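J.: need a structure here:
(2 chains)
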Amino acid sequence: MADLLLQVVQGLSLGAVYAGLALALVLVHRFTGIVNFAQGELAMLSTYVAWQLLDAGMPFWAAFPVTLAVSVAGGMLVERLVIRRVEGGGELTLVAVTVGLLIFVNAAAGLVWSFAVRSFPNPFPTALGFGSAQSGFSALGVLGVVAVVMLALHVLFRHTGAGLVMRAVVADPVSARLAGIRVGRVLGLGWGLAAGVGAVAGVLVAPLLFLEPNMMGGVLVYALAAAVLGGFRDPVVTVAAGLGLGVAATLAGTYVEFVGADLKVAVPLLVIVTALLLPRRAAETAGQR
Amino acid sequence: MRGTGAQAARRTRARALAAAAALALVLPLGGCRLAGQDGVVRTGPCAGQQSTGITRDAVKVGGVYPLSGPASAYGAIAAGVRAYFGYVNAGGGVDGRRIEFVVRDDGYQPARAVEEVRRLVELDEVFAVFQTVGTPSTAAVRDYAARRRVPQVFVATGASRWGTDTAHPWTIGYQPSYVAEARVYAQHLKETAPQATVAVLYQNDDFGRDLRDGFADAVRDSGVRIVAEQSYEVTDPGVQGQLANLASSGADVLLSVTTPKFAAQAFAVDAAVTSWNPVHIVNSVAVSPAVMASVEAGKIREIVSAVYQKNAADPEWADDPAVGAYRESLLRYAPEADPASQQAMFGWTAAQAFVKALQRMECPTREGLRAAVHRLDEVPVDTLLPGITLSTGPGDGFPIESMMLARFEEGRWTSFGEVVDTRAVFGPVRTASAG
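T.: Predicted structure coming up:
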């Protein structure tokens, strides 16, 4: 039983990480209608910014807001300099550009910080007497932060003017522009916010997975699966899916003999395919929320 | 109008003809040189052997290293090699031959490694390939090396197949194989904890399985038992789930057959989980300084690994003349490299082994080098640990098979116990585990 608890806790902490990055993916998609494959790498870059600040002697809770600000600005800059030029160039163009960005950012980070593994301080205390579930404390911290971000996004999407404007821009950019909406600014805001959420995910995951340029590569696969389950729309479903994936992959690796540790990576793929094969009606309701 | 058109067409045809003629001239010439009428010794006891890339006063050597990409930390090996060759050249070269070292980057991608080796052999006309790095790149290159009859010597990978594979006689390994390393750990457990239970975390690829299988073979018929095993893919984000699973076995020892990031994760999970405190045996691939810097003092019972070369960062060797020469030369010929890096030391030591092989050639030919690397008789290398030498022979394609244990204490590695000669204790590595 204690073993199961430990597995679930470890699964949840990984799941929270997947959910965090998935939220950033959803955010970009809601604002701009594209899937940003470079989201994980941008989060990794933000984490390096945080690491650099900490390395320079800044306390964690001072470095964190600075990192967020830098990330938001960086995200808007990427949108302005790179994405804006291919906006409306068809989905394949955008996919190619974001994948190119992924490779570029990865290589650039390797060039600047090398591919050596770095440890990252854990902002949450770990030494509290919870026995075997002690490592659960930092998992709880991660979960808490992700929940806050999720609720904030939920409110943003559903109950604010900005959310309405966003939906208008994605639904019909031309009409939105005619109605007086500054489309470019909205798109930039979307990228900036997504980069900020990605930075939160990166900083939370770094103490767990250790910082190196390929840190987010594996996470992106699971995050994409979670985002697909949420229809690239709903932050609450996305987070639930991320957590579920983390726990499912961990438990499947242990308890489903057939899956074992070798096939764990296939779990998110299975989830994506199943979600896409679901009856069309369900997919549409997910899409319209 | 028609006239100029025809003229233009004729001119184009003439140009095409000229180009074709030029090609026809160039190709056979190039082919000649490559097939090597001038690359073959004509007379004497070495007649018929290839002497491409080696003359009376120079020898050209090519190496392919991951200077970019995810494994670029291994690029420091090339710096160590360059420093040693610079040191040798400053001292008059090898038997009067200057070593010319050509380095290419494969980004740790096997396809690029093949391409770069092809360039080295066919365009740069190197005498030998020293070295290729990593099991995938080396495996990809060895068919080409065998076909072109080019020595691919002292490859930087611990896969056991380089030493057992008779179909590729032009390729030979250098460092202790993963099987030899596994045997050192098995021997240590048999002696100090004969009833130990072991949990194994291993990377699901050639490297991980080689070491895991080697360990399982070595502890068979002893009291040491493997009670739990978990694998991970190198693309997995984390191994937390696997460790939670292994923790439930309550094993005394965690054998961590991992690359650096995952070893660091294993330390972190153990530090956080108070109910399980195994002894960590960590393979030498994983123990980079960055990983060890992440270990929280006092949170882990004991960390053991295996070593075979001198560690320039270890105060034990602070006054060692061999390590002194290494530091000095690195500063002079490869100032960008960190002398404390085990990779740079690896390159320096392997280059020294390569030079010793060059000195032992009976014929200054590719065939001569191939024979020399398969006929090493307890050849000393001054940056290997005392008691460890290079030995090969008929049926023994493993230059180094001895290692020593080291324990991580107070922020640094301290070696302990005796040098374990794994061939003497366990016998030759069998072909079965060649993979």
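J.: so how far does stretch B:89-99 reach from one end to the other?
T.: 7 Å (C-alpha to C-alpha, to the nearest Å).
J.: low-scoring stretches of chain B, by residue?
T.: B:1-38, B:431-435 (pLDDT under 70).
J.: Show me what the top strand by length along it is packed up against.
T.: Secondary structure of chain B read by DSSP state E shows that its longest strand is strand B:412-421. Contact here means 3 or more C-beta pairs under 8 Å, 6 or more residues apart in numbering or on different chains; DSSP states H and E; on that basis strand B:412-421 packs against helix B:178-192, strand B:302-307, strand B:402-409. To be clear about C-beta, it is placed using only N, CA and C from the backbone, and glycine gets the same treatment.
J.: Could you save those as CSV and add columns showing mean neighbour count and distance to chain A?
T.: Output for the helices and strands packed on strand B:412-421, formatted as CSV (neighbours: other C-beta atoms under 10 Å in any protein chain shown; distance: least, C-beta to the nearest C-beta, whole Å):
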stretch, mean neighbour count, distance to chain A
helix B:178-192, 24, 20
strand B:302-307, 21, 15
strand B:402-409, 19, 15
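J.: isn't A:Gly184 right up against A:Gly88?
T.: No - taking contacts as C-beta atoms under 8 Å, A:Gly184 lies outside contact range of A:Gly88: 11.9 Å.
J.: which of these two has more neighbours?
T.: Between A:Gly184 and A:Gly88, counted using other C-beta atoms under 10 Å in any protein chain shown, the more crowded position is A:Gly184 (15 against 9).
J.: Which is the succeeding secondary structure element to the strand or helix carrying A:Phe64?
T.: According to DSSP states H and E, A:Phe64 maps onto helix A:60-78. Moving toward the C-terminus from helix A:60-78, the next helix or strand (DSSP H and E) is helix A:84-86.
J.: Now do the buried residues in that next one.
T.: If you call a residue buried by 16 or more other C-beta atoms under 10 Å in any protein chain shown, then helix A:84-86 has no buried ones at all.
J.: Contacts for that helix next, please.
T.: With contacts defined as C-beta atoms under 8 Å, 6 or more residues apart in numbering or on different chains, helix A:84-86 is touched by A:93-94, A:97, A:184, A:187.
J.: could you redo the last one with a cut-off of 7 Å?
T.: With C-beta atoms under 7 Å, 6 or more residues apart in numbering or on different chains as the test, helix A:84-86 has contacts from A:93-94, A:97, A:184.
J.: So which of those residues sit within helices?
T.: Residues of these located in helices (DSSP state H): A:93-94, A:97, A:184.
J.: Could you turn the buried ones of those into a ChimeraX selection?
T.: In ChimeraX, a selection of the buried entries from the ones in helices among the contacts of helix A:84-86 looks like this (16+ other C-beta under 10 Å):
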select /A:94,97
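J.: Break down the stretch 251-400 of chain B into its helices, ranges please.
T.: For the stretch 251-400 of chain B, helices defined by DSSP state H, counting those that start in this stretch occupy the ranges B:260-272, B:289-293, B:321-333, B:342-359, B:366-373.
J.: With chain A as the reference, name the closest of those helices.
T.: helix B:260-272 (3.7 Å; C-beta to the nearest C-beta).
J.: residues contacting the residue of chain A most remote from its centre?
T.: Residue farthest from the centre of chain A, counting by C-alpha atoms, centre = their mean, is A:Leu178 at 32.5 Å. By C-beta under 7 Å, 6+ apart, the contact set of A:Leu178 is empty.
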